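Visitor: Need a 3D model of the following:
(chains A and B)
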Amino acid sequence: MNALLYLSWTSARNRFLSAFRRVRSPRYAAALIVGSLYIWSFLFRSPNRGATADFLLGRPSETLITLLMVLTLAGAWVFGADVTALAFSQAEVSMLFPAPLSRRQLIGLKLFRAQVAVLINTLIWVFVLRRGGNLLPSPLRAFSLWILFSTLNLHRLGAALVQAAWKQHGRIGVRRNRYSIAAFAFIGLFIVAGLVVHRSSYLGRGIGEFFTGLSDVLGSSPATIGLYPFHLIVAPTFARSIAAWRVAILPALGMFLLHALWVMRTDAAFEDAAIEASAERARRIDAFRGRRSFGTITGPKAGRTSLRLAAKGHPALAILWKNMLCLRRTVQLRLFIGPLAMAIAFGAAVASAGGDTAGFVSVTAATFAVMMIVFGGRLIRNDLRHDMLHLPMLKSLPVAASHIVFAEVASAALPMAALQFVLVVISYFGSLFAARQPIPGSIRLAVVVASPIAVLALNGALITVQNGMAVLFPAWVRLGSGVSTGVEALGQNVLAMMANLVTLGIALIPPMIVAYTSVLFLDASRGLSLAFVLVVASLVLTIETYAAMRFLGRALNRVEPLQTL
Amino acid sequence: MYGDFTAVRDVTFDVAPGEILGLVGPNGAGKTTSLRCLAGIITPTDGTIAIAGHTMDDDPISAKRALAFIPDEPHLFEYLSVEEHLRFIARMYGVPDVEARLPVLLQEMELSDKGLSLPGELSRGMRQKLAIACGLLHDPSALILDEPLTGLDPAGMRRMRATIAARATRGAAVILSSHLLNLVEELCSKLLVLRQGACVAYGTLDEIIGAHPELSGLSLEDVFLALTGEAGQAS
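Guide: Below you'll find the predicted structure:
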């Protein structure tokens, strides 16, 4: 067997077996059963037709995915490609770089290994799209998805290689890659021109018509010219018949092959960049974290300004201080662009008619606040999900484990709650000047008044759930501050996010019961009463969260560094 | 115990203030597991650990506050600078005069001009020095060192040896695990030899040789190899 193939195969097999052996632990076995039931209920239920099919496989969904793809790929070019796309493990750098292997073979290894993630996500999405009905046989859908994810992966690696060439060769590198640069400039120009010229077709028409209008604009000239290559890649996945798939698959395959050719022929002396990326990653992967290699890990900026820490006070506050510095130096602001773009699109869809700027601001801010509840915990990870990698140091500190958990949860929950509170306030003041005010003023005021406590309680619960996963299942949860950003990791991210939200939903049952009971005795249509109900429900959620944190503290005492392997 | 595997069993010892105990044994003997148990990182399946009069079961916070554990691989927060690490540790262990101690310790560890550097900007040896500085900042009653000289240059090694000796002289109980037998011989007043998770010898070198007269006249290296059953393999 080829040595690189052998390395990839045995690594993947051993990693899987290592994770699977955890099932011998009752806790992991129980998690596997619950997880399997969840996946079965989410993915394997019988396929639907009609409205679900229209939603999953309709034109608006195709447009949305195409747009996401454009934004993701454009992000790689505008904000810099993910350098860890080039990263190898320390062992690979030590053993493979001096070995008699060509650059092309090393790139081939990167591509081959990425196929594990690509295939897993293909499988997940085949089942997700199966919920939209059996319009297309699963093998054909799987092949389409494989083409889509593989092309995106190739593009991510290609962008990293091109940017490594720029770094290596300076202006000469730019000249060598002039065709790539010109192609993206061309694409961007046509899309932006289409969106600007035909903006009246989708702005200010309500959320349903927004996507329909946007689909029409993106499907017509001039945007369609720029989007054409992206449509070619996405089209087979959304084909609703075998005939349509046959038409779409060959161009998609052509795009895939073109990308493969581009990546394999990119003349980039990437070893330096790869070693740099590998070293950067290795610095953050100590003896306990060797197996995780999918996350984007950016280097902390060598901040010369610090936050003040008083010499005296509760030691747990030092953990909070440390994690705030972590957030400040490792946060990836570009990850917020996606949710912000969606919020802006929603705001534009429902409130931009007739130049209602205040309404647009209000809706966008409120939507972004909601987006942060859904996505925020994934983007801000300066808590135990990061610090579990420092478990030996953490456990040797003279602080009670429950206090550690409390400080860690607060580290992520506080900035998220602060951001959401600011957004709620912006939304409220925007609504005061909006042309349309569908929600009564007293209700809006009640939400603003209750929001400091409500967002703290909600984020505290959400982050506790995510930290609980890291403490209880450290061998199965991705640890570290990095976030999986590749579209090929979308399937796993969606599953994990849904699991978190389901757990939060269960935690919300007691507060909902208390809120419902309160409503029976109070007139919730009055702002003051609503604020009271929200605060009481938040306090119930806080009590639940506190109990969960105490439990996690006891669990943290029992976790040993080896379990994070 | 890790599952069915017993990493360390029936190990009993004490280290008085001012003493330096050398913990030695071949790879896989259970040295690091023992040290991690002492530091409160791993909870032993059975037995009692007491640091400066505080048991790890009943009062782990006080026990941990009295000790410092310096592992072989420096565990540092990659987003905290050198000075920030020390301020963090000072707050954790309640060191009120951190501002006065900080420059002295940085100078002792030759890190004075690296105060604002992040661990990623330091060499392996400097990171080791930072980990040591973090351990020494709060003047621990018990100092646990796992291969403390790893990554240090010759001058750094000499200074580190002097630092360990000085801490013991000032009353700290020191446990030193190392494969460098000349270091152990130079610094340690007592030895604990582990083999396959069990204690095969404990006491001063004279006491150990007294219990094993056949080892009389041998060097520490030969004593070690004989006790751990590796003499034949080494030759």
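
Visitor: so residue A:218 touches residue A:66, yeah?
Guide: Yes - contact criterion CB atoms under 8 Å: residue A:218 and residue A:66 qualify, at 7.1 Å. Using the backbone N, CA and C atoms, a C-beta is placed for each residue, glycine as well.

Visitor: For the residue in the stretch 1-150 of chain A positioned nearest to chain B, grab the count of nearby residues.
Guide: Nearest residue of the stretch 1-150 of chain A to chain B: residue A:24, at 7.9 Å (CB to the nearest CB). When neighbours are defined as other CB atoms under 10 Å in any protein chain shown, residue A:24 has 9 of them.

Visitor: Residue A:345 and residue A:203 touch, don't they?
Guide: No - the pair residue A:345 and residue A:203 does not pass the contact test of CB under 8 Å, sitting 9.7 Å apart.

Visitor: Mutual contacts of these two, please.
Guide: Taking CB atoms under 8 Å, 6 or more residues apart in numbering or on different chains as the contact rule, residue A:345 and residue A:203 both touch residue A:210.

Visitor: can you tell me how far the residue of the stretch 1-150 of chain A closest to chain B sits from residue B:44?
Guide: 22 Å (CB to CB, to the nearest Å).

Visitor: What of residue A:253?
Guide: Taken as CB to CB, the span from residue A:253 to residue B:44 is 60 Å.

Visitor: With residue B:183 instead?
Guide: 27 Å.

Visitor: now do residue A:8
Guide: Distance from residue A:8 to residue B:44, by CB to CB: 40 Å.

Visitor: Give me the more crowded residue out of the two.
Guide: residue B:44 (19 against 16).

Visitor: How many residues are close by residue B:196?
Guide: Neighbours around residue B:196, by other CB under 10 Å: 16.

Visitor: And it, what's its pLDDT?
Guide: On the pLDDT scale, residue B:196 is placed at 90.

Visitor: repeat for residue A:81
Guide: Looking at residue A:81, its pLDDT stands at 59.

Visitor: Now do the strands in chain B.
Guide: B:20-24, B:50-51, B:54-55, B:67-70, B:142-146, B:173-177, B:190-195, B:198-203 (DSSP state E).

Visitor: Report the separation between the two terminal residues of stretch B:44-57.
Guide: 10 Å (CA to CA, to the nearest Å).

Visitor: what's it in contact with?
Guide: In contact with stretch B:44-57 (CB under 8 Å, 6+ apart) are residues B:1, B:8, B:37-38, B:40, B:43, B:60, B:62-64, B:66-67, B:141-142, B:173.

Visitor: So which of these sit within helices?
Guide: Of the contacts of stretch B:44-57, the ones assigned to helices by DSSP state H are B:37, B:38, B:60, B:62, B:63, B:64, B:66.

Visitor: if we can go back for a sec, of the strands of chain B, which is nearest residue B:118?
Guide: For residue B:118, the closest of the strands of chain B is strand B:67-70, at 19.8 Å, according to CB to CB.

Visitor: Would you mind measuring from residue B:151 to residue A:376?
Guide: Counting by CB to CB, the gap from residue B:151 to residue A:376 is 39 Å.

Visitor: So these two - more neighbours on which side?
Guide: Using other CB under 10 Å as the criterion, residue B:151 and residue A:376 rank with residue A:376 on top: 22 against 19.

Visitor: after the helix or strand where that one lies, next one along is what?
Guide: Per DSSP states H and E: residue A:376 is located in helix A:357-379. Per DSSP H and E, the first helix or strand lying C-terminal to helix A:357-379 is helix A:384-387.

Visitor: Quick one: mean pLDDT for that following helix?
Guide: Across helix A:384-387, the per-residue pLDDT values average to 90.

Visitor: ok, and what's touching it?
Guide: Contacts of helix A:384-387 (CB under 8 Å, 6+ apart): A:319, A:323, A:326, A:394, A:405, A:408-409, A:466-467, A:470-471, A:477-481, A:556.

Visitor: before we move on, the earlier item: from the ones in helices among the contacts of stretch B:44-57, list just the buried residues.
Guide: Listed as buried from the ones in helices among the contacts of stretch B:44-57 are B:37, B:38, B:60, B:63, B:64, B:66; burial here means 16 or more other CB atoms under 10 Å in any protein chain shown.

Visitor: so how far is residue B:51 from the second one?
Guide: As for residue B:38, its distance to residue B:51 is 7 Å (criterion: CB to CB).

Visitor: overlap in contacts of the two?
Guide: residue B:67.

Visitor: ok so, going back, intersect the ones in helices among the contacts of stretch B:44-57 with the contacts of chain A.
Guide: With CB under 8 Å from any CB of the partner chain as the criterion, the ones in helices among the contacts of stretch B:44-57 include B:60, B:62, B:64 near chain A.

Visitor: From those, pick the one nearest chain A.
Guide: Once CB to the nearest CB is applied, the member of these that ends up nearest chain A is residue B:64, at 4.0 Å.

Visitor: Check the average confidence over stretch B:38-47, would you?
Guide: pLDDT averaged over stretch B:38-47 gives 89.

Visitor: I misspoke; the intended subject was stretch A:415-432.
Guide: 94.

Visitor: residues in contact with that stretch?
Guide: A:324, A:327, A:358-363, A:365-366, A:368-369, A:372-373, A:376-377, A:380, A:437, A:439, A:441, A:444-445, A:447-448, A:451-452, A:455-456, A:458-460, A:463.

Visitor: Would you mind giving the domain segments of the chain?
Guide: With no chain named, the answer covers chain A. Here the domain parsing of chain A from automatic domain parsing is A:11-45, A:49-274, A:314-562.

Visitor: could you do chain B instead?
Guide: Split by automatic domain parsing, chain B gives B:1-45+B:159-235, B:67-139.

Visitor: which one of those is the most hemmed in?
Guide: domain B:67-139 (a mean of 20; mean count of other CB atoms under 10 Å in any protein chain shown).

Visitor: how long is that one end to end?
Guide: 9 Å.

Visitor: swap in stretch A:77-91?
Guide: In terms of CA to CA, the two terminal residues of stretch A:77-91 are separated by 30 Å.

Visitor: and the gap between residue B:166 and residue B:100?
Guide: For residue B:166 relative to residue B:100 (CB to CB), the value is 18 Å.

Visitor: Oops, could you answer that again for residue A:336 instead?
Guide: 42 Å.

Visitor: just residue B:37 next, same as before
Guide: Separation of residue B:37 from residue B:100 (CB to CB): 34 Å.

Visitor: now the helices for the stretch 251-400 of chain A?
Guide: A:271-284, A:315-330, A:337-351, A:357-379, A:384-387, A:391-396 (DSSP state H, counting those that start in this stretch).

Visitor: Any buried residues in the host helix or strand of residue A:543, and which?
Guide: Assigned by DSSP H and E, residue A:543 belongs to helix A:527-558. By 16+ other CB under 10 Å, the buried positions in helix A:527-558 come out as A:527, A:529-538, A:540-542, A:544-545, A:548-549, A:551-553, A:556-557.

Visitor: now for it, which elements pack on it?
Guide: If you count contacts as 3 or more CB pairs under 8 Å, 6 or more residues apart in numbering or on different chains; DSSP states H and E, helix A:527-558 packs onto helix A:401-432, helix A:441-472, helix A:490-507, helix A:509-521.

Visitor: where's that helix relative to the chain centroid, distance-wise?
Guide: Chain-centre distance of helix A:527-558: 26 Å, with CA atoms, centre = their mean, to the nearest Å.

Visitor: What of stretch B:188-205?
Guide: In terms of CA atoms, centre = their mean, the centre of stretch B:188-205 is set 15 Å apart from its chain centre.

Visitor: What lies in contact with that stretch?
Guide: Contacts for stretch B:188-205 (CB under 8 Å, 6+ apart): B:6-13, B:15, B:19-26, B:28-31, B:33-34, B:176, B:184-185, B:208, B:211-212, B:220, B:223-224, B:227-229.
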